[in-house]
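Asks: sequence and predicted structure, then a few things I'm wondering about:
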Amino acid sequence: MGRGDERRGRVLLTNHVLSGALIGALARRPLPAFAAGVASHFVLDAVPHWGDWGSERRFLRVAVPDGLVSLAVTGALTAASPPGRRAAILAGMAGAACPDAEKPTRIWFGWSPFPAAVDRFHVRIQDESFGRAPVELAAAGVFSAAALITIRRARTGR
């Protein structure tokens, strides 16, 4: 990625994790949940969303708290999951988050764990605008509700 491209493709993680939990709860098995989670990541990145931060500093002011929230959400939803679905839900969340692993490795180590073609594709599909924070927050609400309802139904057997 060139210097100018580094500002693009930096999307919040929480919605990916929440959608991954929903996918895992519906998929019921870890491998399909992980694969569908990865696919969902790219689908969500292609939908208009909040981003295009303008600077790494501005990005980090949002991304660091978002990363911590994503970890907390992952832990909470894993703990709330029924034992029979826990592995699939965790796999869905991991798969949905996985494509963004290049962000911390790029910041901390200066490289991406993915082939350059994957990174170029990931940047190219982004449809970002800094003014779309309300869309991102609304999506978080929808994904949260859907994931919690689906996990609750899985817990009660409905």
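Replies: On my side now, so go ahead. Residues are numbered from 1 along each chain as shown.
Asks: what is the burial count for the residue nearest to P30 when sequence neighbours are not counted?
Replies: Excluding its sequence neighbours, the residue lying closest to P30 (Cβ to Cβ, 6 or more residues apart in numbering) is A91, at 3.9 Å. Using the backbone N, CA and C atoms, a C-beta is placed for each residue, glycine as well. Residues near A91, counting by other Cβ atoms under 10 Å, number 23.
Asks: M93: which element?
Replies: According to DSSP states H and E, M93 maps onto helix 83-97.
Asks: so which bits of that helix are buried?
Replies: By 16 or more other Cβ atoms under 10 Å, the buried positions in helix 83-97 come out as 85-97.
Asks: got a list of contacts for it?
Replies: Residues outside helix 83-97 that contact it (Cβ atoms under 8 Å, 6 or more residues apart in numbering) are 13, 16-17, 19-25, 27-38, 40-41, 70, 74, 77-78, 81, 151, 154.
Asks: narrow those residues to those in helices?
Replies: 16-17, 19-25, 27, 30-38, 40-41, 70, 74, 77-78, 151, 154 (DSSP state H).
Asks: about what we covered before: could you dump the buried residues of helix 83-97 into TSV and include distance to G51 and pLDDT?
Replies: Below are those laid out as TSV (distance: Cβ to Cβ, whole Å; pLDDT from 0 to 100):
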residue	distance to G51	pLDDT
R85	31	94
R86	31	96
A87	31	97
A88	29	97
I89	26	97
L90	26	98
A91	26	98
G92	23	98
M93	21	98
A94	22	98
G95	21	98
A96	17	97
A97	16	96
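Asks: in the protein, where is pLDDT below threshold?
Replies: Low-confidence segments of the chain, defined by pLDDT under 70: 1-11, 158.
Asks: re the thing from before, any chance of a PyMOL selection covering the buried ones in the contacts of helix 83-97?
Replies: Remark: buried members of the contacts of helix 83-97, expressed as a PyMOL selection using 16+ other Cβ under 10 Å:
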select buried, resi 13+16+17+19+20+21+22+23+24+25+27+30+32+33+34+36+37+38+40+41+70+74+77+78+81+151+154
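Asks: what about L44, how many neighbours?
Replies: Neighbours of L44 (other Cβ under 10 Å): 18.
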